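Participant: Need a 3D model of the sequence below.
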Amino acid sequence: MVTDSDDVWVFGYGSLMWNPGFAFVEQARARVFGYRRALCVRSHVHRGTAESPGLVLGLDLGGSCLGMAFRIAPEDHEAVIAYLRERELVTHVYKERMLPLRLADGRTVMAVAYVIDRAHLQYAGALQADEAALVVAHARGRSGENVDYVMNTLEHLRAMGIRDHWLEEVGRGVQVLLAKR
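Facilitator: Model (predicted):
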């Protein structure tokens with residue numbers, strides 16, 4: 001049963017978890033089912049180039065994903081959604097969706113989430129951890145090295161007590177590849 005239907009919630013699975021960039025009235029751990037956190041977005045600018053794209057996070061089909069949910073005050077709904085659309089829909093590699101979340105306290109709420117558009121040119125597909133590690137170890141873009149993005153993400157997830165075994169495997173693979181340089 002979905003509750004809190006009049007509330008607007010936002011689901012963060014990447015940097016939105018620790019850097020939402022908007023005001024909220026409640027924050028809770030949340031799990032979305034049917035989607036997983038994945039390095040499935042080719043980055044041609046910030047973490048790579050057109051010739052050597054990097055990888056950044058997307059919410060892709062399959063499994064489940066533990067992240068953070070933020071409840072927005074009614075008077076902030078329009079401004080927050082406008083901000084998120086500007087932040088997340090730059091190249092339209094993500095689609096805005098309403099997804100059911102299970103909050104840590106057992107409530108189920110509907111939340112705005114940004115999921116990968118599998119038909120978009122930037123979609124990298126479901127990569128194996130070693131494939132992703134190889135890309136991450138070598139890519140660099142306007143915002144810096146792709147490895148910094150992945151390791152920073154892992155550091156934040158660890159600080160929040162969130163395990164992502166696949167992403168951790170990518171991180172270990174990157175470290176092995178960098179040690180061989």
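Participant: what secondary structure does Met151 sit in?
Facilitator: Using DSSP: H, G, I helix; E, B strand; the rest coil, the structure places Met151 in helix.
Participant: For the residue nearest to it when sequence neighbours are not counted, which residues are in contact?
Facilitator: Nearest-residue entry for Met151: Gly171, 6.3 Å, with adjacent residues in sequence omitted and distances by C-beta to C-beta, 6 or more residues apart in numbering. Every residue, glycine included, has its C-beta placed from N, CA and C. Going by C-beta atoms under 8 Å, 6 or more residues apart in numbering, Gly171 touches Ala133, Val150, Met151, Leu154.
Participant: in which helix or strand would I find Gly171?
Facilitator: helix 165-179 (DSSP states H and E).
Participant: which of the contacts of Gly171 lies closest to Val176?
Facilitator: When the contacts of Gly171 are compared for distance to Val176 (C-beta to C-beta), Ala133 wins out at 7.7 Å.
Participant: follow-up on the earlier one: the contacts of Gly171, buried ones only, as a PyMOL selection?
Facilitator: In PyMOL, this line selects whichever of the contacts of Gly171 come out buried by 16 or more other C-beta atoms under 10 Å:
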select buried, resi 133+150+154
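Participant: Trp18 reaches Met160, doesn't it?
Facilitator: Yes - between Trp18 and Met160 a contact is recorded at 7.1 Å, counting by C-beta atoms under 8 Å.
Participant: name the element Val80 belongs to?
Facilitator: Assigned by DSSP H and E, Val80 falls in helix 77-88.
Participant: Looking at the contacts of Gly171, which is nearest Lys95?
Facilitator: For the contacts of Gly171, the nearest to Lys95 is Val150 (23.4 Å; C-beta to C-beta).
Participant: one step back: how about the contacts of Gly171 in TSV, adding distance to Tyr13 and pLDDT?
Facilitator: Listed next are those as TSV, based on distance: C-beta to C-beta, whole Å; pLDDT from 0 to 100:
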residue	distance to Tyr13	pLDDT
Ala133	20	98
Val150	14	96
Met151	17	96
Leu154	14	96
